[in-house]
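J.: quick one, what's the 3D model for this:
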Amino acid sequence: MSSINLIYFSPTNTSKKIAQYIGRELDVQVISEFDITKPDLTDLESKRFENELTLMAIPVYKGRLPKEAVARLRKCKANKAPVIIVVVYGNREFDDALLELNDLSIELGFVPIAAAAFIGEHSYSSEDKPIAHNRPDCEDILKAKEFANKVVAKIQNTDESQVKVPGNYPYKELPQALAMAPRTIAENCSLCGICADVCPMNIIEIKESVITNAEDCIWCCACVKSCPEDARLFDTPFMGQIKNMLFKNCSERKEPEFFV
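T.: Numbers count the residues shown, from 1 in each chain. Take a look at the predicted model:
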């Protein structure tokens, strides 16, 4: 394997970081990246994945893969190409997400050879209620290197057996999401447009004020994390309950898990 493709959906950049950390340690010379966070999938749609190694890194939303990420991954065309599958979760659980990514990759024509679940800072983490704050961190980078070494060893030993991952089928049923989105504090906002640029759903418009289509919001908080003026807040009462629950029950550090 002299090259690798990285495919990631990463509104707050945690899945991207993990994919790049692992990719750099896989002893390959060429790395091609396909960022499916935004709807423009021209490069992905024109690519057919053959013998080169691919790594998919997708975040976990409520124990599953984000529906929009799944829809964009379905643009992939592969012919028995080896793939490393990785999910990144916010220190709660990854539930059925890794199994879902495993099954989807096979459906798309890939052959999963290794899998992992890494931890990234939760999208709802804040200074007053930190949840996996600043992860992936230095220890996670070392874990990414350890995982990459295991994958390289497997490839060098020509062990082409598929990987077994945890999870249940049927997958965890997702509750109906409420129509809500982060709001903008007008007096802090300079209308710079960064929130609109980073939104994976293209649902933010910048006019005389910031307009957000809450019906299509996926609660990724990319706009909140990216705002240079802290003008975006996701502080509805319901979101407050979720943050409190996560902070209370999911503050103890969890470590990455490998399946090779």
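J.: where do the strands sit along this protein?
T.: Applying DSSP state E to the chain gives strands spanning 3-8, 30-35, 48-49, 53-59, 77-78, 81-89, 110-119, 183-184, 204-206, 210-212, 232-233, 257-259.
J.: dump these to TSV, plus mean pLDDT and mean neighbour count.
T.: From N, CA and C alone the C-beta is placed, and that goes for glycine too. Compiled in TSV, the strands of the chain are given as follows (pLDDT from 0 to 100; neighbours: other CB atoms under 10 Å):
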stretch	mean pLDDT	mean neighbour count
strand 3-8	95	22
strand 30-35	93	15
strand 48-49	94	16
strand 53-59	97	26
strand 77-78	94	18
strand 81-89	97	26
strand 110-119	97	24
strand 183-184	97	19
strand 204-206	97	17
strand 210-212	97	19
strand 232-233	96	20
strand 257-259	98	17
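J.: JSON lines for these, including distance to H133?
T.: What follows is the strands of the chain, written out as JSON lines (distance: least, CB to CB, whole Å):
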{"stretch": "strand 3-8", "distance to H133": "21"}
{"stretch": "strand 30-35", "distance to H133": "24"}
{"stretch": "strand 48-49", "distance to H133": "35"}
{"stretch": "strand 53-59", "distance to H133": "16"}
{"stretch": "strand 77-78", "distance to H133": "36"}
{"stretch": "strand 81-89", "distance to H133": "15"}
{"stretch": "strand 110-119", "distance to H133": "11"}
{"stretch": "strand 183-184", "distance to H133": "23"}
{"stretch": "strand 204-206", "distance to H133": "26"}
{"stretch": "strand 210-212", "distance to H133": "26"}
{"stretch": "strand 232-233", "distance to H133": "18"}
{"stretch": "strand 257-259", "distance to H133": "20"}
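J.: of these, which is nearest V70?
T.: Closest approach to V70 among the strands of the chain (CB to CB): strand 53-59, 8.4 Å.
J.: other SSEs contacting that closest one?
T.: Counting contacts by 3 or more CB pairs under 8 Å, 6 or more residues apart in numbering; DSSP states H and E, strand 53-59 packs against strand 3-8, helix 14-24, helix 67-73, strand 81-89, helix 97-107.
J.: list the contacts of the longest helix anywhere in the chain.
T.: Assignment by DSSP state H gives helix 138-156 as the longest helix of the chain. Residues outside helix 138-156 that contact it (CB atoms under 8 Å, 6 or more residues apart in numbering) are 1, 18, 21-22, 25-27, 53, 82, 84, 113-114, 116, 118-119, 136, 255-256, 258, 260.
J.: what residues of that helix count as buried?
T.: D140, I141, K143, A144, F147, A148, V151, V152, K154, I155 (16 or more other CB atoms under 10 Å).
J.: nearest to C223, of those?
T.: C223 has its nearest neighbour among the buried residues of helix 138-156 in D140, at 24.7 Å by CB to CB.
J.: quick revisit: minimum distance to V198: which of the helices and strands packed on strand 53-59 has it?
T.: helix 14-24 (12.1 Å).
J.: show me the contact partners of the closest one.
T.: In contact with helix 14-24 (CB under 8 Å, 6+ apart) are residues 4, 6-10, 31, 33, 35, 37, 55, 57-59, 84, 86, 88, 116, 118, 120-121, 135-136, 140-141, 144-145, 147-148, 151.
J.: having no further points to raise, I will conclude here.
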